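In: Structure for this input, please:
(chains A and B)
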Amino acid sequence: MTTRPAPRRFATIAAAVVGIVLLGAAPGVLSPFMVQFVINLFMLAILAESWNIIGGFTGYASFGNVAFFGIGAYTTGVLMTKVGWPLAAALAAAGVVPMLFAALVGLPILRLKGHYFAIATLGVAETMREVVYNLEITGAGTGLVMPIARTPALFFYLMLGILIAVTLVNVWLAHSRFGYGLVAIREDEDAAAAMGIDTARYKTIAFALSGAFAGLTGGVFAYWITFIDPDAVFRVIVTIQMIIMAVFGGAGTVVGPLLGALVLASVSEILSTHLVALAELFNGVIVILVVLFMPKGLLEVVRAGRSSLRVMARNLREYRV
Amino acid sequence: MSVAILSARGVTKKFGGLAAVADVTFDLHEGEILGLIGPNGSGKTTLVNVVTGALPATGGEVRFADRPLTGLPWHEVGRLGVSRTFQVVKPFRNLSVVENVMVGALFGARGGARDLRTARRQAEEVLAFVALDHRADAPAEGLNVPERKRMELARALAMRPRVLMLDEVMAGLNPAEIDAAVELIKRIRDRGITLLVIEHVMKAIRNLSDRILVLFHGQTLTEGAPGDVLNDERVVAAYLGRRYAEAARA
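Out: This next block holds a predicted model:
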């Protein structure tokens, strides 16, 4: 949350621009397999960054963000296949509908804290899955088949665009009054309220922003994967992945969730092609390692540079697990 | 004495059947320091919680600068210009000291900072005022007790309050630190801020207060000048027991 000196800020921006330009050229250069992998990587990174808004900055560990992803996917699915909306309009709706939904369920459940909030969000996601299972318009248990688009580059650029947008929102949070308000709520909600922060409004906006980006991604995902059913887009494991990636990289930071998504998606891809048995264990092992050695995330350890081992040893001592 | 900047009329707070604060009426005059004392559990913190909107009142009315405070959400009270510190300090642990204070500057009374640069400048000024500027970039969780109390005070001051309520800012301080805190509170008053000070350190409260209000079992026991109130037999009895008071008189 610190204001950086100008040269470092310039270097960061320059690196980001170069990175984006290189990424923009990627679909023409990479193998089809790699393009699919990168699209999936972008999606995971968006989900981690969007979870970071409510879970990392605001400190409300949502275990139900997959609900927004699922609602976004079904909004796109239903609007394109049953109503005949064009992709652009359907995607816009995939952002707006989950955003409104998040604001609406947020009003009551954001009054809960800690474990109670986590359980309530988990309940919301599971409820949404059941609702979609039982609705005619969503194709109930059989799901929806989307029109097939054979243009991987389209999905690549859509996901990249959303990723840039959600990252910019995170950058804004790290350097704005609104972001300070969210962090204050995370650190001590009573003190935040006493200091003049409209906590209910701030939390609701954070939850809605988080929901909008998860939903938008869900919309692109539906069209990319061409077939959605309730079990595919309301899976609890998707929320767990968002949390693990964000926390592994460094929750409440801009770069942390990106780093987490990159490392975990890559390792998990390599394991699932070469060491299938280990891939299953991977997430569990990561959770244990993070809790023991870097509860503030990989970013803290990376930033420590040469003294990273010392930071890990200190964490182990301090948290005395 | 001048006009009342904040007035409470018949303020009552019940938890179930228990009246933690019962029908308390008092005025806070512009520019004064009002001491609020009473034995543990007499309702001092609850009174501050109700006045600042942290807890809804069961009955009574609070007005600040001729506007009703009763029923306003907590954050609105802070923005109107009534700040408080917490008896058990509530630092934003993972932020630096200056960032803690910046939150006060960003969200306090209207007319405060709305951008980070201004907020940081204001926060640094306040930190210098409470003599904590040398710790500005330290993480808040690394502060010792007196430093934490000062940061709590700095955060409240950064909100640019007109009324500041201090809930036992001297608890846990040694005599030298208490003297420094007394001086600091006097300097806050000299800045034109009206203060309500909850304190158990009698020497400090006698030294600081223009008037003292005594609570006992949630009710006003007495109110008046420090010399009169602290020698009042009922006050001595409330603190030390009736038998001690009788022995002292004999």
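
In: what does the stretch 151-300 of chain A have sitting close to chain B?
Out: Within the stretch 151-300 of chain A, the residues that sit near chain B (CB under 8 Å from any CB of the partner chain) are A:175-177, A:180-181, A:183-184, A:187-188, A:190-199, A:252. For glycine as for every other residue, the C-beta is placed from the backbone atoms N, C-alpha and C.

In: Out of those, name the ones that lie in strands.
Out: Applying DSSP state E to those, no entry is found in strands.

In: got any ranges where chain B has weak pLDDT?
Out: B:1-2, B:111, B:245, B:248-250 (pLDDT under 70).

In: what residues does it put near chain A?
Out: Counting by CB under 8 Å from any CB, chain B sits next to chain A at B:52, B:54, B:73-75, B:78-79, B:83-84, B:86, B:90-96, B:99, B:102-104, B:106-109, B:114-117, B:119-120, B:155-156, B:159.

In: Show me which of the residues of the stretch 151-300 of chain A next to chain B are buried.
Out: A:175, A:177, A:180-181, A:183-184, A:187-188, A:191-199, A:252 (16 or more other CB atoms under 10 Å in any protein chain shown).

In: Which members of the residues of chain B next to chain A are classed as buried?
Out: Applying 16+ other CB under 10 Å to these flags B:52, B:54, B:74-75, B:78-79, B:83-84, B:86, B:90-92, B:94-96, B:99, B:102-104, B:106-109, B:116, B:119-120, B:155-156, B:159 as buried.

In: Which of these fall in helices?
Out: Of these, the ones assigned to helices by DSSP state H are B:74-75, B:78-79, B:99, B:102-104, B:106-107, B:116, B:119-120, B:155-156.

In: what about the residue nearest to residue B:67 when sequence neighbours are not counted, neighbour count?
Out: The shortest distance from residue B:67 to any non-neighbouring residue, by CB to CB, 6 or more residues apart in numbering or on different chains, is to residue B:80 (6.9 Å). Using other CB atoms under 10 Å in any protein chain shown, residue B:80 has 19 other residues around it.

In: right, and residue B:80 touches residue B:108 too?
Out: No - counting by CB atoms under 8 Å, residue B:80 stays clear of residue B:108, with 10.1 Å between them.

In: anything in contact with each of these two?
Out: Between them, residue B:80 and residue B:108 share no contacting residue under CB atoms under 8 Å, 6 or more residues apart in numbering or on different chains.

In: Are we agreed that residue B:19 is in a strand?
Out: Yes - Residue B:19: assigned to a strand according to DSSP: H, G, I helix; E, B strand; the rest coil.

In: so who does it touch?
Out: Per CB under 8 Å, 6+ apart, neighbours of residue B:19: B:12-13, B:58, B:218.

In: With neighbour count and secondary structure added, can I get these in a markdown table?
Out: Output for those, formatted as a markdown table (neighbours: other CB atoms under 10 Å in any protein chain shown; DSSP: H, G, I helix; E, B strand; the rest coil):
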| residue | neighbour count | secondary structure |
| --- | --- | --- |
| B:12 | 16 | strand |
| B:13 | 22 | strand |
| B:58 | 15 | coil |
| B:218 | 23 | coil |
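
In: just so I have it, where are all the helices in chain B?
Out: Going by DSSP H, chain B shows helices at B:44-51, B:74-80, B:97-107, B:116-129, B:145-158, B:175-190, B:202-208, B:226-231, B:233-240, B:242-249.

In: May I have the fourth one as PDB, with CA atoms only?
Out: Extracted in PDB, the C-alpha atoms of helix B:116-129 (Å, rounded to 0.1, in the frame of the first residue of the first chain):
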ATOM      1  CA  LEU B 116      -3.500   9.700  -0.700                       C
ATOM      2  CA  ARG B 117      -0.800  12.300  -1.100                       C
ATOM      3  CA  THR B 118      -2.700  14.900   1.000                       C
ATOM      4  CA  ALA B 119      -3.700  12.200   3.500                       C
ATOM      5  CA  ARG B 120      -0.100  11.200   3.900                       C
ATOM      6  CA  ARG B 121       1.000  14.800   4.500                       C
ATOM      7  CA  GLN B 122      -1.800  15.300   7.000                       C
ATOM      8  CA  ALA B 123      -1.000  12.000   8.700                       C
ATOM      9  CA  GLU B 124       2.700  13.000   9.000                       C
ATOM     10  CA  GLU B 125       1.700  16.300  10.600                       C
ATOM     11  CA  VAL B 126      -0.400  14.500  13.200                       C
ATOM     12  CA  LEU B 127       2.300  12.000  13.900                       C
ATOM     13  CA  ALA B 128       4.700  14.800  14.600                       C
ATOM     14  CA  PHE B 129       2.100  16.400  16.900                       C
END
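
In: report the angle between the axes of that helix and helix B:97-107?
Out: 120 degrees (axes from the mean of the first three to the mean of the last three CA atoms, to 10 degrees).

In: Now do the buried residues in helix B:116-129.
Out: B:116, B:119-120, B:122-124, B:126-127, B:129.

In: Same question for stretch B:129-144.
Out: For stretch B:129-144, by 16+ other CB under 10 Å, it's B:129-130, B:132-133, B:135-136, B:140, B:143.

In: I'd like those residues as a markdown table, with distance to residue A:148 appended.
Out: As requested, those are exported to a markdown table (distance: CB to CB, whole Å):
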| residue | distance to residue A:148 |
| --- | --- |
| B:129 | 67 |
| B:130 | 66 |
| B:132 | 64 |
| B:133 | 64 |
| B:135 | 62 |
| B:136 | 59 |
| B:140 | 55 |
| B:143 | 61 |
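
In: Show me which pair in these is furthest apart.
Out: B:129 and B:140 (17.9 Å; CB to CB).

In: And the average pLDDT for the helix or strand containing residue A:212 is what?
Out: Residue A:212 is part of helix A:199-225 when elements are defined by DSSP states H and E. In this model, helix A:199-225 carries a mean pLDDT of 94.

In: Which elements pack onto that helix?
Out: Applying 3 or more CB pairs under 8 Å, 6 or more residues apart in numbering or on different chains; DSSP states H and E, we find helix A:199-225 packed against helix A:32-51, helix A:66-78, helix A:87-109, helix A:152-174, helix A:177-187, helix A:189-194, helix A:230-233.

In: Could you check the angle it makes with helix A:177-187?
Out: Using the same axes, to 10 degrees: helix A:199-225 against helix A:177-187 is 100 degrees.

In: And the next helix or strand past helix A:199-225?
Out: Past helix A:199-225, the next helix or strand by DSSP H and E is strand A:227-228.

In: neighbouring strands for that following strand, and are they parallel or not?
Out: Applying DSSP bridges, strand A:227-228 is found paired with strand A:144-145 (antiparallel).

In: who touches the partner strand?
Out: Under CB under 8 Å, 6+ apart, the answer for strand A:144-145 is A:74, A:77-78, A:81, A:138, A:222, A:226-229.

In: Now the two most distant members of those.
Out: A:138 and A:226 (15.8 Å).

In: Looking at the two, which one has more neighbours?
Out: Taking neighbours as other CB under 10 Å, residue A:138 and residue A:226 compare with residue A:138 leading, 22 against 13.

In: so what's the more buried one up against?
Out: A:74, A:77-78, A:132, A:144, A:230.

In: let's go with 10 Å and repeat that
Out: If you count contacts by CB atoms under 10 Å, 6 or more residues apart in numbering or on different chains, residue A:138 has them with A:70, A:74-75, A:77-78, A:82, A:131-132, A:144, A:228-230.
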